[in-house]
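> no sequence for this one, just the structure:
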């Protein structure tokens, strides 16, 4: 409203990250939480002081330009250093309206926010969109399974915006209470098979679970990262409507939505109204529309098209399917190619594996593929067996060279809960070097 450019940061980012953002943006003011210990040579205010100051300001009118920069979002980046995505009011508001044109959020649909407001997905779909229709949004002050279920019940949440990682945590929490791994696997398979039953029947059959989670919750809006078929089918089987959104911070962020509950692997639905998608000669998805950002800070030249670097195909029904990211494409000297995501999908299906990340490790002997996995403690010592099981399902000429078990607390994620490939690569390279020395 005052014509400032806002740079929102997640409280979980490192001090080094904050300093690099300071250097890139040279802020006039830093606003922190009241309990923050952050120190800086720049002007700083606690949030409570901002509230008091705002009450004393006169209602002065400021120049309004909907195409001027209003915020800079620093993307987490799974490979490279974060970039400052510069967005205008038109970018954000047009995207919120584009979503509303296909997703009919009602005033009575109370939603739960589990992502930070520095995340474009939470900001546009989980804050601005509810404000536009006059509905409530509940923000969690801390993320835990107990806080999550308490909020779902207390506030009678109907809609929850999540990244796949959060669904994985909920699934693990539900299955952990069941005896052996074999029994858990059987129950999970059974629940997934229930998705073919009518939705009201599923809600009745699994009413005891809904009482534990929250009886009003009916819709899960998933974005931020690819959703595995296993998680998709599990939560559909539980009796939830699972919507899959696809986007990028550079598009403020939503590009397409899949409402189809019988979608195929990687399906991201059709583009939102006002958004045009094309595929270039590399197979990469190109986006055009009013939601496309102004550029990476400080360059705000406004590109007419955004290259997602995601390789995609289009189905006969107009729905798009993602195959993987150009950066994650592994090319062998023989010409054989495979996406890291393809191998990860197979690895994630191995018993006990909760999450994984595949990276390429430089080696004197040629291309090496390493897979970092995390999950049940029984995985430790069984890395070779997991590797063999994965390799049996890979195309001829493509092989996983090594599986590395990583403890839960040490598995590297970005602050948007995506596997940090750069850190996984460093971890795998370090352990491989130590193995050679031994």
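Looks like it arrived, so ask away. These numbers were taken from a predicted model, which means no experiment stands behind them.
> remind me, longest helix of this protein?
helix 421-437 (DSSP state H).
> buried sites along it?
Going by neighbour count (16 or more other Cβ atoms under 10 Å), the buried part of helix 421-437 is 421-425, 427-429, 431-432. Quick note: C-beta positions are derived from backbone N, CA and C, even for glycine.
> quick one, helices of the stretch 201-350 of the chain?
Listed in chain order, the helices of the stretch 201-350 of the chain (DSSP state H, counting those that start in this stretch) span 207-213, 229-237, 340-347.
> now the second one: average pLDDT?
Here helix 229-237 scores 95 as its mean pLDDT.
> buried ones in that helix, by neighbour count?
230-237.
> as TSV, those residues with distance to residue 122 would be great.
Below are those laid out as TSV (distance: Cβ to Cβ, whole Å):
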residue	distance to residue 122
230	24
231	19
232	21
233	25
234	23
235	19
236	23
237	26
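> what's the closest of these to residue 110?
Nearest to residue 110, judged by Cβ to Cβ, of these is residue 235 at 18.9 Å.
> quickly list what residue 45 is bridged to.
residue 31 (DSSP bridges).
> any idea how far residue 72 is from it?
Counting by Cβ to Cβ, to the nearest Å, the gap from residue 45 to residue 72 is 19 Å.
> for residue 163, same thing?
22 Å.
> can you tell me the element the nearest residue in space to residue 172 that is not next to it in sequence falls in?
Distances taken as Cβ to Cβ, 6 or more residues apart in numbering place residue 354 nearest to residue 172, at 6.3 Å, with adjacent residues excluded. Using DSSP states H and E, residue 354 falls within strand 353-361.
> hmm, who's touching that strand?
165, 168, 172, 330, 340, 343-344, 347-348, 367-376, 379, 386, 400-401, 411, 419, 421, 424-425, 428-429, 432 (Cβ atoms under 8 Å, 6 or more residues apart in numbering).
> list buried residues within those.
By 16+ other Cβ under 10 Å, these give 165, 168, 330, 340, 343-344, 347-348, 367-376, 379, 386, 400-401, 411, 419, 421, 424-425, 428-429, 432 as buried.
> now the helices: where do they sit in the stretch 1-150 of the chain?
15-25, 47-56, 89-100, 120-123, 129-133, 145-154.
> quick one: mean pLDDT for the longest one?
Put plainly, it is helix 89-100. Helix 89-100 comes out at a mean pLDDT of 97.
> packing partners of it?
Packing contacts for helix 89-100, counted by 3 or more Cβ pairs under 8 Å, 6 or more residues apart in numbering; DSSP states H and E, involve strand 69-74, helix 129-133, strand 254-258.
> rerun that using 7 Å as the cut-off
When contacts are defined as 3 or more Cβ pairs under 7 Å, 6 or more residues apart in numbering; DSSP states H and E, helix 89-100 packs onto helix 129-133, strand 254-258.
> any chance of the ones you listed in TSV, with distance to residue 6 too?
Putting the helices and strands packed on helix 89-100 into TSV (distance: least, Cβ to Cβ, whole Å) gives the following:
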stretch	distance to residue 6
helix 129-133	16
strand 254-258	20
